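Chemist: please work out how this folds:
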Amino acid sequence: MTKNRYSDLTREQLLEKIRQLEKKRYGLVWEDKQEEVAERCERELPVLVHQPDKEIAEDPDGPTNLLIEGDNYHALFALNFTHRRKIDVIYIDPPYNTGAKNWTYNNAFVDANDRYRHSKWLSMMNKRLRLAKPLLSENGIICVAIDDYEVPRLTILLEEIFGEINYLGTVPIRNNPSGRSTVRGFSVAHEYALFFAKSERARISRLERTEQQIARYDLEDSVSKYE
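Modeler: Numbering: from 1, shown residues only. Purely as a prediction, here's the structure:
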């Protein structure tokens, strides 16, 4: 009988293989890349420091807005102690991972020739999205901007974290009318905004109609106005 690649494995090794297979039935599989900032937060608690000299307080009775300057992982980690389940909307604009030297991972540039480019990007996004989710209220919504390079992987990652049932929609954004030429010949004029809810309680509401829009409905029957 032909010897297969599992023939020399011990019983414990075979059981571990089965556990790994049962753990991930459908979804993304990538080689997780450790990140120094995440490991450091496990040893040292990041603390937000108030800087009164930079405070802008023109209206003492107005709303309080916070601007946190620092590493985004540090900020999300610290906010989980103070703002858990208190935030209604999160908008993030992560690096698009185009292969250009425009973002770093563990203080090193990630370029198009990096064999682990997608793994590093997924590891970075996975850690931050899992910190962001507990911050949302039950009616909360997260919006993530992205382009074609990572939109398929990001969509699956968001479905894994927030649940496929909580996918609200994808909005294409025409951000470059003249188009950006790709290596394969297409001229891309858009990017995307992916919307996911914290729970099934979240809803996207219609904008209120303007006076001009309302004026179009100039006829009326026993049910309602119409045009």
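
Chemist: show me where the chain has its strands.
Modeler: In the chain, the strands defined using DSSP state E lie at 87-92, 104-105, 108-109, 136-146, 167-174, 180-181, 187-188, 190-197, 219-220, 225-226.

Chemist: quick one: closest of those strands to T210.
Modeler: Counting by C-beta to C-beta, T210 lies closest to strand 225-226 out of the strands of the chain; the figure is 15.1 Å. To be clear about C-beta, it is placed using only N, CA and C from the backbone, and glycine gets the same treatment.

Chemist: list of residues touching the closest one?
Modeler: Strand 225-226 is contacted by residues 217-220 when judged by C-beta atoms under 8 Å, 6 or more residues apart in numbering.

Chemist: quick check: closest non-adjacent residue to W121.
Modeler: Counting by C-beta to C-beta, 6 or more residues apart in numbering, W121 lies nearest to N97, which is 4.5 Å off, once chain neighbours are set aside.

Chemist: what about that neighbour, distance to E208?
Modeler: As judged by C-beta to C-beta, to the nearest Å, N97 and E208 stand 38 Å apart.

Chemist: who has more neighbours out of the two?
Modeler: Set side by side, N97 and E208 show unequal neighbour counts under other C-beta atoms under 10 Å, the larger going to N97 at 25 against 7.

Chemist: tell me the contacts of the more buried one?
Modeler: For N97, counting by C-beta under 8 Å, 6+ apart, the contacting residues are 103, 110, 117-118, 121, 149-150.

Chemist: from D218, how far out is it?
Modeler: When N97 is compared with D218 (using C-beta to C-beta), they lie 51 Å apart.

Chemist: what do you get for F195?
Modeler: Taken as C-beta to C-beta, the span from F195 to D218 is 34 Å.

Chemist: kindly report the same for L207.
Modeler: The spacing between L207 and D218, counted by C-beta to C-beta, is 21 Å.

Chemist: next, the angle strand 87-92 makes with the helix ranked longest in the chain.
Modeler: Longest among the helix segments of the chain by residue count, using DSSP state H, is helix 117-132. Between helix 117-132 and strand 87-92, the angle formed by their directions is 160 degrees, by axes from the mean of the first three to the mean of the last three C-alpha atoms, to 10 degrees.

Chemist: what's the angle from helix 117-132 to strand 190-197?
Modeler: Relative orientation of helix 117-132 and strand 190-197, computed by the same axes, to 10 degrees: 40 degrees.

Chemist: end to end, how far does stretch 143-157 reach?
Modeler: 13 Å (C-alpha to C-alpha, to the nearest Å).

Chemist: report the buried residues of it.
Modeler: Taking 16 or more other C-beta atoms under 10 Å as the basis for neighbour counts, the residues of stretch 143-157 that come out buried are 144-147, 149-151, 153-155, 157.

Chemist: quick one: the helices in the chain?
Modeler: 11-23, 36-43, 72-82, 117-132, 151-162, 211-215.
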